[in-house]
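**Q** dropping the sequence and predicted coords here.
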Amino acid sequence: MNSQELMHEYLNGVAALRQATDGMTADQSRARPVPGKWSTLEVVCHLADIDALDAERMKRVIAEDQPTLMDADETRYAVALAYQERELSEEVALIESTRRQMTRILRTLPPSALSRGSVYRIGDKTENRTLEQLLNKAIRHFRHHIPFILEKRKALGM
C-alpha cells in the first residue's frame with residue numbers, strides 16, 4: 001500500500017469499530033458471552049489504550065532520531081486501568097480523535113518519512129521498526145480484534 005492507502009486504512013478502522021459496536025447497551029458491552037474472553041468493552045478499552053500508545057510511538061518516530069519504544073503489558077492494563085468501569089462511547093470517541101489527529105499529522109509528511117526508524121523493545125529483545133511498520137501494526141491490530149467483537153454480538157443474539 002502507498003502512504004495514502006495506509007492512512008485511509010488506518011482511519012477506516014474507526015468506522016469498522018463503530019459498526020461492530022453500534023447499538024450495544026452498556027450491559028451488552030460489559031457482558032462476557034464467550035467464556036474466558038474479554039467483554040466488548042474490555043476489547044474496546046484495550047484498543048483505545050494500545051492505539052494511544054501506537055500514536056505516541058509514531059509521533060516519537062516522526063519527531064526524534066531512532067527513539068527507543070517500549071512494549072505494553074495488555075494484561076496489566078486490563079486490570080489496572082478499570083476496563084469494565086469505562087464507557088464504550090467515550091473509548092470509541094477517544095480512538096476516533098486519536099486516529100484523526102494522527103492521520104492529519106501523517107498527511108503532512110513526505111512519503112519518505114515512512115522509512116524513519118526506531119528501536120522497539122519487547123522484554124529483553126530489541127528490533128528495528130519503521131514508521132510504516134508501526135502504522136501497519138496499528139491497522140492489523142484493529143483487523144485482529146474487530147472479529148472478536150462481532151463474535152460477542154452474535155453470542156448475544158444481536
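**A** Good, I have the coordinates.

**Q** all helices of the protein, in order?
**A** 3-21, 26-30, 40-63, 74-80, 88-107, 131-155 (DSSP state H).

**Q** pull the contacting residues for the residue nearest to the spatial centre of the chain.
**A** The centroid of the chain falls nearest to D51 when counting by Cα atoms, centre = their mean (3.3 Å). Residues in contact with D51 (Cβ atoms under 8 Å, 6 or more residues apart in numbering) are 95, 98-99, 138, 141. All C-beta atoms are positioned from the backbone trio N, CA, C, and that covers glycine.

**Q** compile the helices of the chain into JSON lines and extend it with columns for mean pLDDT.
**A** Shown next, in JSON lines, are the helices of the chain (pLDDT from 0 to 100):
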{"stretch": "helix 3-21", "mean pLDDT": "94"}
{"stretch": "helix 26-30", "mean pLDDT": "97"}
{"stretch": "helix 40-63", "mean pLDDT": "98"}
{"stretch": "helix 74-80", "mean pLDDT": "93"}
{"stretch": "helix 88-107", "mean pLDDT": "98"}
{"stretch": "helix 131-155", "mean pLDDT": "97"}
